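J.: quick one: sequence and predicted model below, then my questions.
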Protein chains: 2
Amino acid sequence: MQSVEQSFVAWAKMRARRLPQVKLGIGDDAAVLAASGLDTVVTADSLMDGVHFHLDQVDPKRIGHKLVGVNLSDLAAMAARPTSLFLSMCLPNSEEAEQTDLLAAEIYEGVCEAAEKYGVALAGGDTNCWNGPLVLHMTAIGEAADGQVWTRSGAKQDDLIVVTGPLGGSILGKHLDFTPRLDWVEKVHGKIDIHAAMDISDGLSVDLLRMCDASHCGAVLELDKIPFSPEAEELSRTDGKLPVEHALGDGEDFELLLAVAPEDLAPLQALVGAEQALVCGTFTSRTGLWSRQGAKIHQLTSSGYVHGR
Amino acid sequence: MQSVEQSFVAWAKMRARRLPQVKLGIGDDAAVLAASGLDTVVTADSLMDGVHFHLDQVDPKRIGHKLVGVNLSDLAAMAARPTSLFLSMCLPNSEEAEQTDLLAAEIYEGVCEAAEKYGVALAGGDTNCWNGPLVLHMTAIGEAADGQVWTRSGAKQDDLIVVTGPLGGSILGKHLDFTPRLDWVEKVHGKIDIHAAMDISDGLSVDLLRMCDASHCGAVLELDKIPFSPEAEELSRTDGKLPVEHALGDGEDFELLLAVAPEDLAPLQALVGAEQALVCGTFTSRTGLWSRQGAKIHQLTSSGYVHGR
C-alpha cells in the first residue's frame, strides 16, 4: 500500500496540470481553491467494477474519462462551471505491485486527459489498495456562473419536456465516451429561462419521474416523439424491446432533461439547433408519469415498459 | 439498487440538519454552498472494510464517526474551518434488502451525529449497492479561516517537532473514536506562527518524513521524549515492541504534527496546555529522519523500528 501511495502521489503531482483556481493542489492534507465570490456547486459520484464498468473488458483510461464525465454532467445539469476535481481510488491488490501501479497510472491518465479537455484542475484525492474490486470516486467542484443554478424542482404545468439528444443503448459505448453537456449550458445559461434541469443517468422514465416529484407535477411523454439513438435500434433488433423502450428505460445517456416554457422553444432551438433541443412531451398538473400514443394514455412504469405494445 | 437509493435519499434529506452555508442540499444533481469570500479547502478520504475497519467487529455508527473524524482531521491540519460534508457509500448487497437499508441508515446516523457534534452540514453524496465489501468515501469542505492555511512545507531548521497528544496503540479503539483537533486549531490559529502542520495518519515516523520532504529539511526525534499512549504500553506488554516503537510506527493517531519556532513554545503551551503541545525533537538542515537517545544518533526506518534496542 505504501509503495503505490508514495510513488504515485509524487508522479500524480507532476502530471496534473496547474490552473490558477487551485492555490494548493495535490500533496498536502487538503487542497486550497481560490475564493471566487460565487456560490460553490459540489457533486460526488462513484464508479464500481462490475456495476458501472467491467475492468477486464475496458481500457482503464476510458474509465477515467467516464468518471470525469459523470461528475461534469451533474455540474452541467446545475448550470455550474466546473473548476476542480478530486479523485479517490481503491485499487485491487495484484500479485505484482507494478500491475497496481500501472492500473493507477492508466486511470489517472484518463482522468487528466478529460480534465484538460474540459479545462478543469485535478486538485487532490486519495489512493488506497485493498483486496476488493476497483472503486473510483470523484468529487467535482464548480461555481454558479452568475449565481443562478438550475434545479430539478421548477417544472411547471404546460412546460415542454426537452432533451439534448437521442436516448437509449448507451451500453454499446456511449456510457463510456459521452460528452457532458457543458457547451450546451454555456450557450443557453442566462439567455433562456430553464425552469428545471437534470442529467439523465438512470433512464428517461426514472429521471423524469424524479423531476416531476421534485416539481410537484406530472408529465405526459409522447411516445412517437421520444428521440431514440441508433444504438437503441440496434439493441431492439435482437432483444425484442422497442427502440422507444430503450430510450425510456436505459441508463447512462447523460443527456440533459429540461423543463422549458412553450414560448421559449424557438429561441432555444435557435441557440443550440433543433437536434439538441428535442421535445418529447409536456409537464402536467396531474401527478405521475404518463405516455400518449395517438389518443391512448397509459401510466408509465419506471422500467420504461410500454403498455399494450 | 433502486430501492435503497430512492427511499434512502428521501430519508437522508429529512435527517440531515440544515445549516445556512448550504443553499441547496441533498436531493438534486449537486449541492450549492453559499459564497463566503474565503478560500475553499477541500479534502477527501475513503474507508474500506478490511483495511480501515472490520464491519463484522464494529458498530456501523462508529464507522460513520470515524469517516467524519478522518476528514475533519485533515481540515484541522490545514487550519481550515469545516463547513460541509459529502458522503458516498458503496453498500454490500444482502440477501434481504432491509439489511442493506439498515446498514446504510446506521452509518448515516453516525455521520449525522458527528456532523452535528462539529457543527458541519451534510450536504450531499451518493449511494450505490454492489457485490463487493463496504466502501465509504467522504469529501469535506472548509474555509480558510482568515485566508491563511497551514501546510506541510514550512518547517525550518531548529524548529521544534510538536505533537498534540500521546501516540501509538490507536488500534485498541482510538482509531474509531478520536477527536479531530479542531478546537486546538481554533485556539492557536492567528495567535502562534505555526510553520508547518499535518495530521498523523500513517504513523509519526512516516508522516514526519513527509513533512521533512515537503519542507526540504530533516528531523531528529528524541526517543526519550516521544509521548506514547497507555495503549502503546498495553500493546508492548504482549508483542515485544517498545512503547516508543508503537508511538513511531502505529497509524491513525490523528494527532497534529507541527513545526514551531523554539521561542513560540511557551506561548503555545500557555494557550493549549503543556500536555497538548509536546516536544519530541528538532528539525535540522541535514535531510532524513534521525533518532537520538543520549549521545547515540541513528537513522530511523519508516516502520518506526528503533535501532540497537
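T.: Noted; the coordinates are in hand.
J.: now do the helices in chain A.
T.: Taking DSSP state H as the criterion, chain A contains helices spanning A:2-15, A:60-77, A:97-117, A:174-177, A:182-188, A:204-215, A:230-239, A:243-249, A:265-272.
J.: can you tell me which of these is nearest to chain B?
T.: helix A:60-77 (4.2 Å; CB to the nearest CB). Placement of C-beta: from N, CA and C, glycine included.
J.: next, the angle helix A:97-117 makes with that closest one.
T.: Helix A:60-77 runs at 40 degrees relative to helix A:97-117, counting by axes from the mean of the first three to the mean of the last three CA atoms, to 10 degrees.
J.: and helix A:60-77, is it in reach of chain B?
T.: Yes: applying CB under 8 Å from any CB of the partner chain, one finds helix A:60-77 in contact with chain B at A:Asp74, A:Leu75, A:Ala77.
J.: can you get me the start-to-end distance on stretch A:258-276?
T.: 11 Å (CA to CA, to the nearest Å).
J.: again, but for stretch A:42-55
T.: End-to-end for stretch A:42-55, by CA to CA: 27 Å.
J.: show me how far that stretch is from its chain's centre.
T.: Relative to its chain's centre, stretch A:42-55 lies at 12 Å (CA atoms, centre = their mean, to the nearest Å).
J.: that stretch vs chain B: in contact?
T.: Yes: using CB under 8 Å from any CB, stretch A:42-55 reaches chain B at A:Val42, A:Thr43, A:Ala44, A:Asp45, A:Ser46, A:Met48, A:Asp49, A:Gly50, A:Val51.
J.: picking that back up, tabulate the residues of helix A:60-77 next to chain B (CSV), appending neighbour count.
T.: CSV is the format used below for the residues of helix A:60-77 next to chain B (neighbours: other CB atoms under 10 Å in any protein chain shown):
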residue, neighbour count
A:Asp74, 28
A:Leu75, 28
A:Ala77, 29
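J.: okay if I get those residues as CSV plus pLDDT?
T.: Shown next, in CSV, are these (pLDDT from 0 to 100):
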residue, pLDDT
A:Asp74, 97
A:Leu75, 97
A:Ala77, 98
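J.: what's the nearest residue to A:Asp202 if we skip its chain neighbours?
T.: Counting by CB to CB, 6 or more residues apart in numbering or on different chains, A:Asp202 lies nearest to A:Gly251, which is 4.9 Å off, once chain neighbours are set aside.
J.: sorry, that was for A:Asp146
T.: A:Asp146 sits nearest to A:Gly190 (CB to CB, 6+ apart), 6.0 Å away.
J.: distance check, the one you found against chain B.
T.: 17 Å (CB to the nearest CB, to the nearest Å).
J.: tell me the domain ranges of chain A?
T.: Annotated domains of chain A cover A:2-144, A:160-299 [automatic domain parsing].
J.: give me the below-cutoff pLDDT ranges for the stretch 51-200 of chain A.
T.: The model of the stretch 51-200 of chain A has no residue with pLDDT under 70.
J.: who in it is up against chain B?
T.: A:51, A:74-75, A:77-78, A:80, A:84, A:86, A:88, A:90, A:123-126, A:128, A:130-133, A:135, A:137, A:139-142, A:144, A:149, A:151-153, A:197-199.
J.: filter those residues down to the buried ones, ChimeraX style.
T.: This is the ChimeraX syntax for the buried subset of those, where burial follows 16 or more other CB atoms under 10 Å in any protein chain shown:
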select /A:51,74,75,77,78,80,84,86,88,90,123,124,125,126,128,130,132,133,135,137,139,140,141,142,144,149,151,152,153,197,198,199
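J.: out of the residues of the stretch 51-200 of chain A next to chain B, name the ones that lie in strands.
T.: If you go by DSSP state E, these have A:80, A:84, A:86, A:88, A:90, A:123-126, A:128, A:130, A:135, A:137, A:139-142, A:144, A:197-199 in strands.
J.: need the contact list for the residue nearest to A:Lys174 when sequence neighbours are not counted.
T.: Closest residue to A:Lys174 apart from its sequence neighbours, by CB to CB, 6+ apart: A:Glu231 at 6.7 Å. Each residue near A:Glu231 by CB atoms under 8 Å, 6 or more residues apart in numbering or on different chains is listed here: A:Gly168, A:Gly169, A:Ser170, A:Ile171, A:Leu172, A:Gly173, A:Lys174, A:His246.
J.: could you list every residue that touches the first one?
T.: Contact partners of A:Gly168, counting by CB under 8 Å, 6+ apart, are A:228-229, A:231-232, A:235, A:243-244, A:246-250, A:253.
J.: give me the phi and psi angles of it.
T.: phi 100, psi 150 (degrees, to the nearest 10).
J.: and it, how far from chain B?
T.: Going from A:Gly168 to chain B by CB to the nearest CB gives 18 Å.
J.: go on, the fourth one?
T.: The span separating A:Ile171 from chain B equals 16 Å under the rule CB to the nearest CB.
J.: that residue: neighbour count?
T.: Neighbourhood size, A:Ile171 [other CB atoms under 10 Å in any protein chain shown]: 14.
J.: if I look at it, how far off is B:Thr127?
T.: 22 Å (CB to CB, to the nearest Å).
J.: just list the residues touching A:Leu268, thanks.
T.: With CB under 8 Å, 6+ apart, A:Leu268 has these contacts: A:Val162, A:Val188, A:Ile192, A:Val260, A:Ala277.
J.: at 7 Å instead, please
T.: A:Val188, A:Ile192, A:Val260, A:Ala277 (CB atoms under 7 Å, 6 or more residues apart in numbering or on different chains).
J.: A:Leu134 is in contact with A:Leu67, correct?
T.: No: A:Leu67 is beyond contact range of A:Leu134, at 11.0 Å (criterion: CB atoms under 7 Å).
J.: thanks a lot, catch you later.
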